[in-house]
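Asker: fold the following for me, if possible:
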Amino acid sequence: MSDEPLNDLDATSQHEPAPLRPPDKRPRPSSSPPPRPVMSDNTSAPIIRPVLPSGAIQASRYLWFGSFVAGVMVALFAFLARSNQTDRIQDVIRDLDPDRDADTLETAANIVLWGSLGAVLVVLLVELALLFSMLRGRGWIRFVQLPMLVVHAIVAIVADALIVGDDVDGVFLRALLAAQLLLAVAGFLASFLPGTRAWFRREK
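Answerer: Numbers count the residues shown, from 1 in each chain. Got it, this is the predicted structure:
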């Protein structure tokens with residue numbers, strides 16, 4: 001009789017349900033990557049402001065641009081008056097060589113006219129490229145402009161002798177050639193005025 005209560009207790013304990021466990025409140029690892037950390041310094045990058053050209057550099061730029069405008073006007077005016085120019089050139093060639101026929105004279109006159117205008121435009125384009133390079137802070141370009149001015153003067157003298165006459169059109173064309181050369185020389189000299197050297201140093 002003493003064993004029966006123990007057997008009943010064992011049977012009762014076998015049928016009792018297991019105690020409930022509290023839910024696990026720890027966060028489960030996520031499969032997505034973690035968010036990127038926020039930068040501690042939110043200040044923007046500094047803005048580098050370009051150094052404005054000095055007054056002498058601006059004056060040099062305007063003088064050079066005036067020279068370019070005069071050169072374009074030389075080419076445009078000579079093109080519009082090309083018939084008068086070729087007739088005058090033919091007369092000059094005929095005086096030098098009276099035995100030339102009409103076709104040869106016309107061909108020679110066209111070569112002289114377009115060759116002179118082409119030389120004027122080539123000088124203009126080279127000087128324009130040199131100016132843009134100088135305005136980017138390359139001060140040594142000024143020493144390249146000096147021999148280019150010598151070439152410019154030679155081209156102006158040759159063009160004046162070949163395509164410029166004594167009529168009203170010739171006087172106007174000669175004035176434009178002289179203005180183109182003088183403005184270029186003034187722009188070159190203005191690039192050496194006080195204050196330009198310091199600007200070129202800052203632009204390096």
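Asker: could you measure from residue 202 over to residue 58?
Answerer: Residue 202 sits 15 Å away from residue 58, going by CB to CB, to the nearest Å. Bear in mind the C-beta positions are built from the backbone N, C-alpha and C, glycine included.
Asker: and the residue nearest the centre of the chain, which of the three is it?
Answerer: The centroid of the chain falls nearest to residue 132 when counting by CA atoms, centre = their mean (6.5 Å). Three-state assignment for residue 132 (DSSP: H, G, I helix; E, B strand; the rest coil): helix.
Asker: distance from the chain centre to the helix or strand containing residue 118, please.
Answerer: Assessed by DSSP states H and E, residue 118 sits inside helix 102-135. The gap between where helix 102-135 is centred and where its chain is centred comes out at 23 Å by CA atoms, centre = their mean, to the nearest Å.
Asker: now the helices: where do they sit in this protein?
Answerer: 3-15, 55-80, 82-96, 102-135, 141-163, 168-190, 196-203 (DSSP state H).
Asker: output those as a markdown table; include the columns mean pLDDT.
Answerer: Listed next are the helices of the chain as a markdown table, based on pLDDT from 0 to 100:
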| stretch | mean pLDDT |
| --- | --- |
| helix 3-15 | 50 |
| helix 55-80 | 92 |
| helix 82-96 | 80 |
| helix 102-135 | 90 |
| helix 141-163 | 92 |
| helix 168-190 | 92 |
| helix 196-203 | 78 |
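Asker: could you give the number of residues near residue 102?
Answerer: By other CB atoms under 10 Å, 9 other residues sit near residue 102.
Asker: tell me the spacing between the nearest residue to residue 173 once chain neighbours are set aside and residue 59.
Answerer: Counting by CB to CB, 6 or more residues apart in numbering, residue 173 lies nearest to residue 164, which is 5.1 Å off, once chain neighbours are set aside. Residue 164 sits at a distance of 29 Å from residue 59 (criterion: CB to CB).
Asker: so the two - more neighbours on which side?
Answerer: More neighbours surround residue 164 than the other of residue 164 and residue 59, with 23 against 18 (other CB under 10 Å).
Asker: the more buried one against residue 176, yeah?
Answerer: No - judged on CB atoms under 8 Å, residue 164 makes no contact with residue 176 at a distance of 9.7 Å.
Asker: hmm, back to that, which one of residue 202 and residue 58 is surrounded by more residues?
Answerer: residue 58 (13 against 10).
Asker: distance check, that one against residue 193.
Answerer: 11 Å.
Asker: got a pLDDT number for the residue nearest to residue 173?
Answerer: Looking at residue 164, its pLDDT is 81.
Asker: residues contacting it?
Answerer: Residues near residue 164 by CB atoms under 8 Å, 6 or more residues apart in numbering: 170, 173-174, 177.
Asker: quick one, phi/psi of it?
Answerer: Backbone geometry at residue 164, expressed as degrees, to the nearest 10, gives phi -100, psi 130.
Asker: mind checking how far it is from residue 158?
Answerer: Counting by CB to CB, the gap between residue 164 and residue 158 amounts to 10 Å.
Asker: next: residue 139.
Answerer: 31 Å.
Asker: ok, now residue 137?
Answerer: From residue 137 to residue 158 the distance is 34 Å (CB to CB).
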